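# what's the 3D shape of this:
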Amino acid sequence: MRRAIARRLTESKQHTPHFYLRATCAVDELLALRQRINAVSPVKVSVNDLLIKAVATAHTQVPEMNAVWQPEAVRRFRTVDVSVAIATETGLVTPVLRDIENLSVSAIATRTRAYAEQARSGSLHPADLEGGSITVSNLGMYGVEEFAAIINPPQAAILAIGAARDEAVVRDGAVTAAKVLGVVLSVDHRPVDGAVAARWLAAFTEAVQNPVRLVV
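Just a heads-up that it's a prediction; the model follows:
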């Protein structure tokens with residue numbers, strides 16, 4: 001598996017014209033929403049589950065990002081399929097959550113947890129790893145504040161998520177403490193232009209900072 005990962009990512013870095021966009025998201029309301037959900041839901045939801053739903057929201061609002069580059073044309077998708085990076089003892093795998101624009105956050109949590117268990121037991125099927133237009137990679141649990149990830153070909157983008165941290169921000173003219181996290185969006189410039197990626201990142205940030213839309 002290590003050799004296959006090395007080959008794919010080397011090819012991606014050599015042949016995919018990456019560009020990178022960075023943003024900082026305030027997550028106080030997102031963390032509060034997660035707490036409220038987990039107080040009443042039998043399925044416990046992680047911050048990453050909510051962020052994956054925010055990716056689906058952004059893809060719905062900016063459908064030009066829901067695409068992959070093919071030599072003959074840009075292929076666009078009607079459904080939102082998102083890969084989730086999962087670390088295992090033998091290497092990184094990226095199973096695909098399908099049709100997540102129609103899934104609740106709890107359903108996303110259930111599917112992600114099932115994929116994680118399959119990945120670590122080695123029972124994922126090849127079909128589980130195929131498709132998708134974007135990958136979500138989260139290293140926040142390791143204390144990493146920011147990183148830029150390599151696109152998983154033939155997808156158009158990968159969103160790298162860092163750890164939530166305390167930071168001073170200005171709100172209504174006053175300095176206050178807030179929880180923020182940094183994200184870096186790596187994008188393939190062939191199917192997606194910079195302005196499109198910027199609109200997508202703005203939509204993602206808006207969904208994270210006003211998370212009620214993730215559950216309605």
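# how far away is Val180 from Asp166?
8 Å (Cβ to Cβ, to the nearest Å). Placement of C-beta: from N, CA and C, glycine included.
# Of those two, which one has the most company?
Val180 (21 against 9; other Cβ atoms under 10 Å).
# Give the other helices and strands that the host helix or strand of that one contacts.
In the assignment (DSSP states H and E), Val180 maps to strand 174-188. Helices and strands touching strand 174-188, by 3 or more Cβ pairs under 8 Å, 6 or more residues apart in numbering; DSSP states H and E, are strand 18-26, helix 28-40, strand 157-171, helix 194-209.
# Mind telling me which residue is nearest the centre of this structure?
The centroid of the chain falls nearest to Val136 when counting by Cα atoms, centre = their mean (2.8 Å).
# what pairs with that residue across the strands?
Val84, Leu159 (DSSP bridges).
# So it sits against Val84, correct?
Yes: counting by Cβ atoms under 8 Å, Val136 does reach Val84; the two are 5.5 Å apart.
# Are there residues contacting both of those two? Which ones?
48, 52 (Cβ atoms under 8 Å, 6 or more residues apart in numbering).
# Show me the shaky parts of the protein.
Residues of the chain meeting the criterion pLDDT under 70: 1-2, 5.
# Let's see the helix or strand harbouring Glu11 as PDB, backbone CA atoms only.
Here Glu11, judged by DSSP H and E, is contained in helix 2-15. In PDB, the C-alpha atoms belonging to helix 2-15 read as follows (Å, rounded to 0.1, in the frame of the first residue of the first chain):
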ATOM      1  CA  ARG A   2       2.800   2.400   0.800                       C
ATOM      2  CA  ARG A   3       4.200   2.000  -2.700                       C
ATOM      3  CA  ALA A   4       0.800   2.700  -4.300                       C
ATOM      4  CA  ILE A   5       0.300   5.800  -2.200                       C
ATOM      5  CA  ALA A   6       3.800   7.100  -3.000                       C
ATOM      6  CA  ARG A   7       3.200   6.500  -6.800                       C
ATOM      7  CA  ARG A   8      -0.200   8.200  -6.800                       C
ATOM      8  CA  LEU A   9       0.800  11.300  -4.800                       C
ATOM      9  CA  THR A  10       4.100  11.700  -6.700                       C
ATOM     10  CA  GLU A  11       2.200  11.700 -10.000                       C
ATOM     11  CA  SER A  12      -0.300  14.100  -8.500                       C
ATOM     12  CA  LYS A  13       2.400  16.600  -7.400                       C
ATOM     13  CA  GLN A  14       4.200  16.200 -10.700                       C
ATOM     14  CA  HIS A  15       1.300  16.500 -13.100                       C
END
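# For it, report the contacting residues that lie outside it.
For helix 2-15, contacts defined as Cβ under 8 Å, 6+ apart pick out 90-92, 150-153.
# which one of those has the most neighbours?
Asn152 (24 neighbours).
# how near is it to Leu9?
Separation of Asn152 from Leu9 (Cβ to Cβ) stands at 8 Å.
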